[in-house]
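Trainee: Could you work out the structure for the sequence below:
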Amino acid sequence: MKRWMSWVAFAWALFVIAATPALPGAALPAPQAAGGATSEGPLRNPDPPSTLLPPNTTAFGFSVQTDTATACRYAVHEARPFEAMTPFDSSDNTTAHQTVIQGIDPDPNRVNDVYVRCAAYPDVLLSLRYRALPDVNPSYPRTSNLWGLNNFDNQSPEYLARYDLWMGSDLRPDQIRTLRSLNPNVLVLTTINAVEAGEGWYDAVPDDYWLRDADGERVEVWPGLYRLNLTRPEVAEFLALQAYQKIVANDLMYDGVFLDNVFLDQSWLAKDIYDNPFEADADGDGETDDPAALDAAWRAGVLHELATFRRLMPHALMAGHALDIEEPAIAETFNGVGIGFSTVDVIEGRGISSRGLVRFPSYGRSTRRGTPRRAARTSRRSNRPRRTRSPTAMAMRRGRGATSRRQRWNSRARTTRTCGSGWRSP
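Mentor: Predicted coordinates for the structure are as follows:
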């Protein structure tokens, strides 16, 4: 979805708060080049790796593995010699080291550097970073903006700080710190596309990660944007790591991520953006995939992507659109969902879907610890916020009857829900 969506489709919104559960499961892929968290070398599998912590955290459990039984120690904020570090709680004669890292500064504008050394490897220093999320509770009306930061190029930080939630923004770490100093209740989410990538995106997309047809051709779904093959676990992990690394690389200042196009099925995409036919061959056997088999593998891949990110960032705020919130794994993973197209339908007099009114409240019921829904207002094309006026903002309509992706956008026939401010960090 493009920038114009922040002006139109996300003009008004209704917001939901949900708990962020940790998702236990398989071992994590190594977040290479992300704040020193790596599973290579003599100090392996730091848990948690560099990540966001719950609000007001001053201490947290930590573990690391070594090949040789040895003693390990840690220091916070400063890389000290081994003798000057704090000993781990676990025995000195072990390869599985555990402790509680003390001395974490809970200031959401402060990144905590944690250093680990072990006696058997005197020249190895494991460096990790952690930041506590803000404990927000903004006053009403609560305001939000999605993908619309470019509309505020000439505005002061004081003006930007009037918004409580920035989603899909490319604010720099220093800008986010300034906003937090002006508005302690502000939240800032970065963005990635859950199933697509463009040329030059990320470090490099391996050539065999693209979704192709039986002739080996990729499918272009937006100008310069191509669908990835989410039936492959390594592709799902690749995307999850992009979101993780984007947060870590920006000094951990983002509070989470907004995911575009969280599609749990794929067989419906029968044409590219130019109306050319497309039939997926995700398994690469030279034959068009069976729709049911394709959708099953695709669903598993997208859920694996979300679960992988959740294990790396169990406390990060997650929002997105095109979500099937009645899917338990989606409801338990996300903090908010977008209803953008439906709100535009209401604003422009196209009516309201009773199906949306029935399904939207299920979000609170389906989460582990749902809290009351909260209304807010979000920005339109102008810089003046607009107030949410009625429960019809809960409207949702789903369908893919248009013949091309561009027509689907124009007809607003695809499911979207808008999430926004008024959440409390889990």
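Trainee: show me where pLDDT drops low in the protein?
Mentor: Counting by pLDDT under 70, the ranges of the chain that qualify are 1-40, 340-342, 351-426.
Trainee: Residue 113 in helix, strand or coil?
Mentor: On the three-state scheme (DSSP: H, G, I helix; E, B strand; the rest coil), residue 113 is labelled strand.
Trainee: Check residue 245 too.
Mentor: With three-state DSSP as the basis, residue 245 sits in helix.
Trainee: Chain neighbours aside, what residue packs nearest to residue 223?
Mentor: residue 273 (7.0 Å; Cβ to Cβ, 6 or more residues apart in numbering). In short, each C-beta sits where N, CA and C put it, glycine included.
Trainee: you'd agree that neighbour is in a helix?
Mentor: No. Remark: residue 273 does not belong to a helix; assigned using three-state DSSP, it is coil.
Trainee: which residues touch the residue nearest the centre of the chain?
Mentor: Residue closest to the mean C-alpha point of the chain, counted by Cα atoms, centre = their mean, is residue 257 at 3.0 Å. With contact set as Cβ atoms under 8 Å, 6 or more residues apart in numbering, residue 257 has these partners: 189-192, 243, 246-247, 309, 316-319.
Trainee: Tell me how far it lies from residue 52.
Mentor: Distance of residue 257 to residue 52, computed by Cβ to Cβ, to the nearest Å: 11 Å.
Trainee: Identify the contacts common to the two.
Mentor: Here residue 257 and residue 52 share the contacting residues 247, 316, scored by Cβ under 8 Å, 6+ apart.
Trainee: Can you give me the neighbour number for residue 243?
Mentor: Residues lying near residue 243 (other Cβ atoms under 10 Å) number 27.
Trainee: Looks like it contacts residue 192 (just checking).
Mentor: Yes. The pair residue 243 / residue 192 is scored as a contact, 4.8 Å apart, by Cβ atoms under 8 Å.
Trainee: what's the overlap in contacts for the two?
Mentor: When Cβ under 8 Å, 6+ apart defines a contact, the residues bordering residue 243 and residue 192 alike are 257, 259.
Trainee: first to last residue in stretch 162-176, what's the distance?
Mentor: For stretch 162-176, the first-to-last residue distance is 13 Å (Cα to Cα, to the nearest Å).
Trainee: List the buried residues for that stretch?
Mentor: Buried residues in stretch 162-176, counting neighbours by 16 or more other Cβ atoms under 10 Å, are found at 163-169, 171, 173, 175-176.
Trainee: out of the residues you listed, which are inside strands?
Mentor: Secondary structure from DSSP state E places 165-167 of the buried residues of stretch 162-176 in strands.
Trainee: Am I right that residue 226 falls within a strand?
Mentor: Yes. Residue 226: assigned to a strand according to three-state DSSP.
Trainee: mind listing what's buried in whichever strand or helix holds residue 311?
Mentor: Using DSSP states H and E, residue 311 maps to helix 291-312. Along helix 291-312, these residues count as buried under the neighbour rule (16+ other Cβ under 10 Å): 294-295, 297-299, 301-312.
Trainee: From the contact counts, what lies against it?
Mentor: Contact analysis of helix 291-312 by 3 or more Cβ pairs under 8 Å, 6 or more residues apart in numbering; DSSP states H and E lists helix 233-249, strand 317-320, helix 328-333 as its packing neighbours.
Trainee: could I get these as JSON lines with distance to residue 200?
Mentor: Output for the helices and strands packed on helix 291-312, formatted as JSON lines (distance: least, Cβ to Cβ, whole Å):
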{"stretch": "helix 233-249", "distance to residue 200": "13"}
{"stretch": "strand 317-320", "distance to residue 200": "23"}
{"stretch": "helix 328-333", "distance to residue 200": "29"}
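Trainee: So what's the residue count around the residue nearest to residue 169 when sequence neighbours are not counted?
Mentor: With Cβ to Cβ, 6+ apart as the criterion, residue 169 has its nearest non-adjacent residue at 4.7 Å, and that residue is residue 149. Neighbour count for residue 149, taken as other Cβ under 10 Å: 21.
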